[in-house]
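Chemist: Let's see this in three dimensions:
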Amino acid sequence: MLARLLPTSLAVLTLVAACSSAPGTGGTQPFDPDVLAHWADPDMGGSDTAAPGVAADVSETMDNTPVPATFFAPGRYARREILTINALAPVLNTQTVVSVSTYVLCEVTHEAGGVQVVSQVCDITQPQQMGVDTIYPDAFFAHLPAFTQQATGVGPAGGPWTLALSETVYVMGAKLTNPFKDSLPDEAADPRIEDSDEDGKPGITIKLTGLLNAELYFVQRNYKSLSGTLTADGKVAGLLHDHINQTQIGTNDALFEGPGPQPKVDPDPSKSTFVMLPVAAGTTCKDLLAQENTLFPAP
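Modeler: Residues are numbered from 1 along each chain as shown. I've put the predicted structure just below:
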């Protein structure tokens with residue numbers, strides 16, 4: 001994700017399918033500008049930690065004039081991220097390339113310490129693969145933590161400006177003392193495991209339906225930062241810098257037992273991108289998903 005990349009361990013069919021999702025509704029609740037305070041509640045599933053002093057590289061090729069806060073206006077934004085990953089199916093030893101789209105609702109605020117961007121994932125999509133859909137239950141999105149990033153930028157007075165959103169990390173399925181460095185649990189008996197989506201099963205639950213049917217239980221850690229170009233109309237476009245760790249800690253079907261392969265982000269940075277643009281105040285995830293083809297037309 002977050003994109004949430006959840007390949008299984010047995011065949012290329014399930015490897016690809018576990019990276020796909022039937023389009024969802026994104027929920028019906030409006031985005032809460034104070035969502036960070038809600039998701040930072042230690043009683044909620046998952047964790048969200050900003051990297052101290054860590055940010056995506058900002059270009060120094062411009063005149064280094066700080067971007068005035070007015071150029072990244074406060075308000076609501078919609079973002080589409082396209083993450084391209086390479087994964088190896090262990091049985092067939094076949095390399096598979098999958099592009100996953102994540103739709104995110106953001107709130108930009110100006111604080112004393114700078115410009116903050118709070119982001120909430122609305123949906124994760126990938127066309128059906130080989131007759132199998134991956135279903136992210138409502139509980140998955142309801143308990144997925146929002147994450148906060150600092151925005152910094154440089155550029156000439158009239159723009160465009162080079163903008164960076166700092167690195168953050170969030171963990172689902174476990175509570176780690178150090179979310180950046182601690183190893184992930186690899187079995188359900190690990191005391192660090194938590195039921196992040198509160199469905200009575202360890203970790204986070206993803207469902208496979210169609211040609212194959214199963215529940216898979218995971219722990220996942222997602223490191224994320226973004227860098228791009230901000231134009232005067234408020235649109236930002238650029239590169240998505242994601243790194244993902246995950247472990248499969250269980251399943252309800254013995255066919256899917258095993259740790260599963262680790263997804264690797266494609267080494268070509270141009271294949272993982274994002275677009276972010278202003279939307280009306282009060283826009284919800286449901287609104288964003290209803291307008292996704294208008295907001296983010298196909299090239």
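
Chemist: what about the host helix or strand of T168, distance to the chain center?
Modeler: Here T168 sits within strand 161-172, counting by DSSP states H and E. In terms of C-alpha atoms, centre = their mean, to the nearest Å, the centre of strand 161-172 is set 11 Å apart from its chain centre.

Chemist: Restricting to C-alpha, output that strand in CSV.
Modeler: What follows is strand 161-172, C-alpha atoms only, in CSV (Å, rounded to 0.1, in the frame of the first residue of the first chain):
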residue,chain,number,x,y,z
TRP,A,161,8.2,23.7,-7.5
THR,A,162,10.0,20.5,-6.5
LEU,A,163,8.0,19.0,-3.6
ALA,A,164,8.8,16.1,-1.3
LEU,A,165,6.6,14.2,1.2
SER,A,166,8.8,12.8,4.0
GLU,A,167,9.2,9.1,4.6
THR,A,168,6.7,7.4,7.0
VAL,A,169,6.1,3.8,8.0
TYR,A,170,3.0,2.0,9.1
VAL,A,171,2.5,-1.6,10.3
MET,A,172,-0.6,-3.7,10.2
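
Chemist: which SSE is T294 in?
Modeler: Going by DSSP H and E, T294 is in helix 292-295.

Chemist: Now that helix - C-alpha only, PDB.
Modeler: Output in PDB follows, covering the C-alpha atoms of helix 292-295 (Å, rounded to 0.1, in the frame of the first residue of the first chain):
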ATOM      1  CA  GLU A 292     -11.900   8.300 -10.200                       C
ATOM      2  CA  ASN A 293     -12.100   8.100 -14.000                       C
ATOM      3  CA  THR A 294     -12.700  11.900 -14.200                       C
ATOM      4  CA  LEU A 295     -10.100  12.800 -11.700                       C
END
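
Chemist: Which residues does that helix contact?
Modeler: Applying C-beta atoms under 8 Å, 6 or more residues apart in numbering, the external contacts of helix 292-295 come out as A78, R80, Y103, L277, V279, L288. The C-beta positions use only the backbone N, C-alpha and C, and glycine is treated the same way.

Chemist: one step back: and the strand holding T168, which residues are buried?
Modeler: Of the residues in strand 161-172, W161, T162, L163, A164, L165, S166, E167, T168, V169, Y170, V171, M172 count as buried by neighbour count, 16 or more other C-beta atoms under 10 Å.

Chemist: Is the third one bridged to anything, and to what?
Modeler: Judged by DSSP bridges, the bridge partners of L163 are G153, G228.

Chemist: do the same with the last one
Modeler: The bridge-partner assignment for M172, based on DSSP bridges, gives Q220.

Chemist: And stretch 125-142, how far out from the chain middle?
Modeler: On C-alpha atoms, centre = their mean, the centre of stretch 125-142 falls 14 Å from that of its chain.

Chemist: any low-confidence regions in the stretch 101-250 of the chain?
Modeler: 127-129 (pLDDT under 70).

Chemist: give me the number of residues near the residue lying closest to K201 once chain neighbours are set aside?
Modeler: Nearest residue to K201 in three dimensions, chain neighbours excluded: Y217, at 5.7 Å (C-beta to C-beta, 6 or more residues apart in numbering). Y217 has 23 neighbouring residues, counting by other C-beta atoms under 10 Å.

Chemist: OK, contacts around Y217?
Modeler: By C-beta under 8 Å, 6+ apart, the contact set of Y217 is G173, A188, K201, P202, G203, I204, T205, Q248, I249, G250, T251.

Chemist: And for the closest residue to the second one other than its chain neighbours, the neighbour number?
Modeler: Put plainly, it is A188. Leaving aside its sequence neighbours, A188 sits nearest to P202 (C-beta to C-beta, 6+ apart; 4.2 Å). Number of residues near P202 (other C-beta under 10 Å) recorded here: 22.

Chemist: Mind telling me what element P202 is part of?
Modeler: Assigned by DSSP H and E, P202 belongs to no helix or strand.

Chemist: Show the contacting residues for it.
Modeler: By C-beta under 8 Å, 6+ apart, the neighbours of P202 are G173, A188, I193, E194, D195, Y217, I249, G250.

Chemist: what do you get if the cut-off is 7 Å, keeping everything else the same?
Modeler: By C-beta atoms under 7 Å, 6 or more residues apart in numbering, P202 lies in contact with A188, I193, D195, Y217, I249, G250.
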